[in-house]
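Visitor: need a structure here:
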Amino acid sequence: MKKLNHFIIAMVLFCLFGVGIKAVENRFPNNAKFSRGVGNTCFWVSSSASKYKTSIRTRAQNWMYTGYDNKIYMTEVSSNYATHMDFYAKSSDSVIKGKVLGYTAYYGGTGSRISPLGKGPSKNYFYTEIILKTSVPTNDNKGTIAHEMGHAFGLAHTETSKARLMWPDTGRTRIKPAKQENDIINYLYK
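Guide: Here you go, the predicted structure:
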């Protein structure tokens with residue numbers, strides 16, 4: 001009976017603490033996220049990224065309808081006034097070179113960048129710019145767009161599973177967030 005009690009206590013502790021720790025694995029420092037939430041996420045696609053527009057729309061659907069519950073709702077708008085995510089494409093810059101297929105830049109409410117290019121934020125942000133390489137191979141663009149949207153929502157890279165959307169490498173085939181990534185969004189935007 002004593003062994004059974006210890007087992008039950010261990011299982012209760014695991015359920016209370018083990019799952020909670022796992023669910024918040026790949027966040028930015030200080031739980032940095034959109035200061036306006038994700039319930040009405042507006043995105044805009046510049047003419048430089050127009051060839052990715054269909055894929056961007058589809059990835060927005062993938063984030064809204066993950067198969068798990070979350071608060072994300074995304075709407076495409078015709079101007080970049082007061083948006084959450086602005087999409088651009090560049091052939092190269094200080095970050096887009098070599099294997100890098102895209103990155104997310106984070107801005108405060110006054111329009112000033114709050115973290116160095118290529119680095120995640122450490123405080124809440126008002127909007128993001130997602131920069132895609134103009135020559136992203138077709139097989140990679142879907143995963144890259146979904147991955148960069150994940151950064152915009154507040155997810156950092158994961159180092160624990162290549163099967164996850166936020167794995168930091170090219171050759172990404174996953175185009176939807178995994179359950180754990182969805183759970184982190186729910187944790188951030190309670």
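
Visitor: residue contacts, the residue lying closest to Lys176 once chain neighbours are set aside?
Guide: Of all residues not flanking Lys176 in the chain, Asn62 sits nearest, at 4.5 Å (CB to CB, 6 or more residues apart in numbering). Yep, even glycine has a C-beta here, placed from its N, CA and C like the rest. Going by CB atoms under 8 Å, 6 or more residues apart in numbering, Asn62 touches Ala146, Ile175, Lys176, Pro177.

Visitor: Now stretch 49-56: buried residues?
Guide: Neighbour-count burial for stretch 49-56, counted by 16 or more other CB atoms under 10 Å, picks out Ala49, Tyr52, Ser55, Ile56.

Visitor: Over to stretch 28-46?
Guide: Phe28, Ala32, Lys33, Phe34, Arg36, Val38, Thr41, Cys42, Phe43, Trp44, Val45.

Visitor: Where is pLDDT lowest across those?
Guide: Ranked by pLDDT, the buried residues of stretch 28-46 bottom out at Phe28, which has 92.

Visitor: follow-up on the earlier one: need the contacts of Asn62 in CSV with pLDDT and secondary structure, can you?
Guide: Shown next, in CSV, are the contacts of Asn62 (pLDDT from 0 to 100; DSSP: H, G, I helix; E, B strand; the rest coil):
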residue, pLDDT, secondary structure
Ala146, 96, helix
Ile175, 90, coil
Lys176, 92, coil
Pro177, 93, coil
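
Visitor: Compare those residues and tell me which is most surrounded.
Guide: Pro177 (27 neighbours; other CB atoms under 10 Å).
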